[in-house]
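What shape does this take:
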Amino acid sequence: MSMSSHLEELRRKHEVLSDKVEEIQRAPGTTDAEITELKKQKLQLKEEIERLTTATA
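Below is the predicted model of the structure:
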């Protein structure tokens, strides 16, 4: 897998998590722990994207 396709896949996953966080924040019965876990995953993806983007620049 090329670096650009890997970055694109990470960006896609980040976007999917963003949508999911927004969706579950509106859903009744969602716990703070669930939201926090998704946000943590989203942040990890963002940091990985930034790290790879900076390393290739």
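
Only C-alpha atoms from now on, for both contacts and neighbour counts.
Noted.

element containing the nearest residue to residue 30 once chain neighbours are set aside, please.
Nearest residue to residue 30, sequence neighbours excluded (C-alpha to C-alpha, 6 or more residues apart in numbering): residue 24, at 6.3 Å. Using DSSP states H and E, the element containing residue 24 is helix 3-26.

Can you point out the buried residues in that helix?
For helix 3-26, the neighbour count (16 or more other C-alpha atoms under 10 Å) marks 7, 10, 11, 13, 14, 17, 21 as buried.

how much space between the residue nearest to residue 30 and residue 4?
Residue 24 is 30 Å from residue 4, where distance means C-alpha to C-alpha, to the nearest Å.

Now do the residue nearest to residue 30 against residue 48, distance only.
Residue 24 is 24 Å from residue 48, by C-alpha to C-alpha.

now residue 41
Distance from residue 41 to residue 48, counting by C-alpha to C-alpha: 11 Å.

Let me see the contact set for residue 49.
7, 10, 11 (C-alpha atoms under 8 Å, 6 or more residues apart in numbering).

Touching, residue 35 and residue 25? I think so.
Yes: counting by C-alpha atoms under 8 Å, residue 25 is a contact partner of residue 35 at 7.1 Å.

Now do the buried residues in the strand or helix carrying residue 54.
In this assignment (DSSP H and E), residue 54 forms part of helix 32-56. Within helix 32-56, the residues scored as buried using 16+ other C-alpha under 10 Å are 38, 39, 42, 45, 46, 49.

ok, the second one touching residue 21?
Yes: using C-alpha under 8 Å, residue 39 and residue 21 qualify as a contacting pair, with a distance of 7.1 Å.

could the buried residues of helix 32-56 be laid out in JSON lines, adding distance to residue 30?
Formatted as JSON lines, these follow (distance: C-alpha to C-alpha, whole Å):
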{"residue": "38", "distance to residue 30": "12"}
{"residue": "39", "distance to residue 30": "14"}
{"residue": "42", "distance to residue 30": "17"}
{"residue": "45", "distance to residue 30": "22"}
{"residue": "46", "distance to residue 30": "23"}
{"residue": "49", "distance to residue 30": "28"}
